[in-house]
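Participant: Attaching a predicted model along with its sequence, questions to come.
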Amino acid sequence: MLRYILRRILLFIPTLIVISLITFFISINAPGDPVEIMLNRIESNESQHGQKFAEEKEYAELRHKLGFDLPLFYFSLTDATISDTLYRIPKSERRETLKRLSNEYGNWKNVSAYYISLQLAENNLSSLERNAGNSEQIKAARILANELYEEYDQKKINQSLSKLSNSVPDSVKNFLTQFRASFDKLVSEKNTYRKYIPVVHWYGFRNQYHHWLVNFLRGDFGISYQDKRPVNSVLYGAIGKTLGISLMSILLAYLIAIPLGVHSAIKKGTQEEKTITTTLFVLYSLPNFWIATMLVIFLCGGDYLSWFPAPGGPPIPDDAPLWYKFSEGAYRLILPLFCWTYGSLAFISRQMRGGILASITQDYIQTARAKGLDENKIIWKHAMKNSLLPVITLFASIFPLAISGSFVIETIFNIPGMGKLSLDALYARDYPVIFTVM
């Protein structure tokens, strides 16, 4: 037994590591720039030089705070054309362009000089003062310069440079000349064989994955992109609501399904058993989002009955009496609990029915009957004990759902739980919240 436990624990560790690696690299490669999302701004080619400098400084500070200016992993396997400091470039699009240029021309030193000269040309264009005569000219030149940050094709770069030379003012033509010279040098000193040389760059423990994993194990799940709060504080309120409703649903499902399963086993083959089984499987086949929508339409006001409050109504006041909070909260949970519960009744009751049918054929049940014990006592006291084991083990598969919540039910009934939180995070690309829930 001890060896089995140790083996399972040892298997648990690499499983968690693999899951953490998959989670981390999916989040890193997810679309969108988390820093830009948190800053909540749209990049523009028309911002003034001082404003652009302030925005870049703010971007760099937030990127450093989030740890995005560190290498991704403990090491990287690349070819000899790629720099080991490429991760320091803030924008992912620019990093990809530099990577392609390095791979194409095989000389990182010249690629770096080309990138620096492009920055100088772009900065000088940004610092120019506009007037009625040069405004459109500077605007066109800045658009072309910004497009070059994401261009790696030689033919297209030459075309952009030709257009740029015709649109820049004379005061910055010397910077454009330096930029063209750096690109010509990059092309003339092309070295293709270096991309066939494998290189391993070792970064040590100061990397994004190590920091993410250590913080996660400590309970620090990062910062939400939506409201810039720590993720654990965002989840705190949601998980309480979801867990409370889910546990009530599980309890109701077991309290209803177990007696139904026992009754179905006792009445096997009768019309009563067929009616119970058919009803439960009909409920099981009905999608909960459809049932929830129908209940809201027909029972929550509008053109039909107003038996229950409509979703999204005013919250219960904090200063309301305790009994009112309890009764009103329970009243509002009737429909969500029903939609959360009815689908699991068929499965649990079927498992209970099978367990009872298997138990009543055992020798100890036959012995109890031979002794003349009451049939109800035989079923509920003796057969029930062994029949409950497979039903109890179902809790292991149900409990994760109790934590993660229901996207559909919580959204339809406007319950601020884990499911609705996850859906809102998906819409907002709030990846720290999404992967913490996962």
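Facilitator: Now that the structure is in, tell me what you want to look at. Numbers count the residues shown, from 1 in each chain.
Participant: Hmm, A346 is touching F281, no?
Facilitator: Yes - the criterion here is Cβ atoms under 8 Å, and A346 meets it with F281 at 5.2 Å. Every residue, glycine included, has its C-beta placed from N, CA and C.
Participant: Would you mind listing where the stretch 51-200 of the chain has pLDDT under the threshold?
Facilitator: Judged by pLDDT under 70, the stretch 51-200 of the chain has its weakly predicted residues at 51-53, 130-134, 168-172.
Participant: returning to what we had before: could you check which of A346 and F281 has the larger neighbour count?
Facilitator: More neighbours surround A346 than the other of A346 and F281, with 22 against 14 (other Cβ atoms under 10 Å).
Participant: List the contacts of the more buried one.
Facilitator: Residues in contact with A346, defined by Cβ atoms under 8 Å, 6 or more residues apart in numbering, are 257, 280-281, 283-284.
Participant: Now a PyMOL select for only the buried ones of those.
Facilitator: Entered in PyMOL, the line below selects the buried ones among the contacts of A346, by 16 or more other Cβ atoms under 10 Å:
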select buried, resi 257+280+283
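Participant: Adding pLDDT as columns, could you present the contacts of A346 in JSON lines?
Facilitator: Putting the contacts of A346 into JSON lines (pLDDT from 0 to 100) gives the following:
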{"residue": "A257", "pLDDT": "88"}
{"residue": "L280", "pLDDT": "87"}
{"residue": "F281", "pLDDT": "87"}
{"residue": "L283", "pLDDT": "86"}
{"residue": "Y284", "pLDDT": "86"}
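Participant: Next step: the contacts of A346 restricted to helices.
Facilitator: 257, 280-281, 283-284 (DSSP state H).
Participant: Which of the contacts of A346 sits closest to L161?
Facilitator: Nearest to L161, judged by Cβ to Cβ, of the contacts of A346 is Y284 at 66.8 Å.
Participant: Could you check what's spatially nearest to the closest one, not counting adjacent residues?
Facilitator: Leaving aside its chain neighbours, Y284 sits nearest to A346 (3.8 Å; criterion: Cβ to Cβ, 6 or more residues apart in numbering).
Participant: which stretch of helix or strand covers the one you found?
Facilitator: Using DSSP states H and E, A346 maps to helix 322-359.
Participant: centre of the chain versus the following helix or strand past that helix, how much separation?
Facilitator: Proceeding N to C from helix 322-359, the next assigned helix or strand is helix 363-370, under DSSP H and E. How far helix 363-370 lies from its chain's middle: 55 Å, per Cα atoms, centre = their mean, to the nearest Å.
Participant: Helix 363-370 vs helix 322-359, what angle?
Facilitator: 90 degrees (axes from the mean of the first three to the mean of the last three Cα atoms, to 10 degrees).
Participant: Quick check: phi and psi at N107.
Facilitator: Dihedral pair for N107: phi -140, psi 100, per degrees, to the nearest 10.
Participant: And it, how close does it get to S188?
Facilitator: 10 Å (Cβ to Cβ, to the nearest Å).
Participant: out of these two, which sits in the more crowded spot?
Facilitator: N107 (20 against 9).
Participant: nearest spatial neighbour of the more buried one, skipping sequence neighbours?
Facilitator: Nearest one to N107, counting by Cβ to Cβ, 6+ apart, is N191 at 5.2 Å.
Participant: So what's the residue count around the one you found?
Facilitator: 12.
Participant: before we move on, what about V199?
Facilitator: 13.
Participant: Would you double-check that it falls in a helix?
Facilitator: No - applying DSSP: H, G, I helix; E, B strand; the rest coil, one finds V199 to be strand, outside a helix.
Participant: Please, where are all the strands along the stretch 101-250 of the chain?
Facilitator: Secondary structure of the stretch 101-250 of the chain (DSSP state E, counting those that start in this stretch): strands at 198-202.
Participant: which residues in it form helices?
Facilitator: For the stretch 101-250 of the chain, the helices defined by DSSP state H, counting those that start in this stretch occupy 108-127, 135-148, 154-167, 173-188, 208-217, 231-266.
Participant: Need these in a markdown table (columns: distance to D430).
Facilitator: Formatted as a markdown table, the helices of the stretch 101-250 of the chain follow (distance: least, Cβ to Cβ, whole Å):
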| stretch | distance to D430 |
| --- | --- |
| helix 108-127 | 32 |
| helix 135-148 | 28 |
| helix 154-167 | 36 |
| helix 173-188 | 39 |
| helix 208-217 | 16 |
| helix 231-266 | 9 |
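Participant: K65: which of those is closest?
Facilitator: Nearest of the helices of the stretch 101-250 of the chain (Cβ to Cβ): helix 208-217, 11.9 Å.
Participant: Which other helices and strands does the closest one contact?
Facilitator: helix 2-28 (3 or more Cβ pairs under 8 Å, 6 or more residues apart in numbering; DSSP states H and E).
Participant: other SSEs contacting the helix it packs on?
Facilitator: helix 208-217, helix 431-437.
Participant: Buried residues, it. List them.
Facilitator: So helix 2-28, judged by 16+ other Cβ under 10 Å, has buried residues 20, 23-24, 27-28.
Participant: Quick one: mean pLDDT over that helix.
Facilitator: Regarding helix 2-28, the rounded mean pLDDT is 84.
Participant: Stretch 415-429 now?
Facilitator: Here the average pLDDT along stretch 415-429 is 82.
Participant: ditto for stretch 311-330
Facilitator: Averaged across stretch 311-330, the pLDDT comes to 73.
Participant: buried set for it?
Facilitator: Those would be P311, for stretch 311-330 by 16+ other Cβ under 10 Å.
Participant: now what about that stretch, what contacts it?
Facilitator: 296, 300, 412-414.
Participant: how far does that stretch sit from the chain's center?
Facilitator: 32 Å.
Participant: ditto for stretch 137-147
Facilitator: 37 Å.
Participant: And stretch 369-384, by the same measure?
Facilitator: On Cα atoms, centre = their mean, the centre of stretch 369-384 falls 52 Å from the chain's centre.
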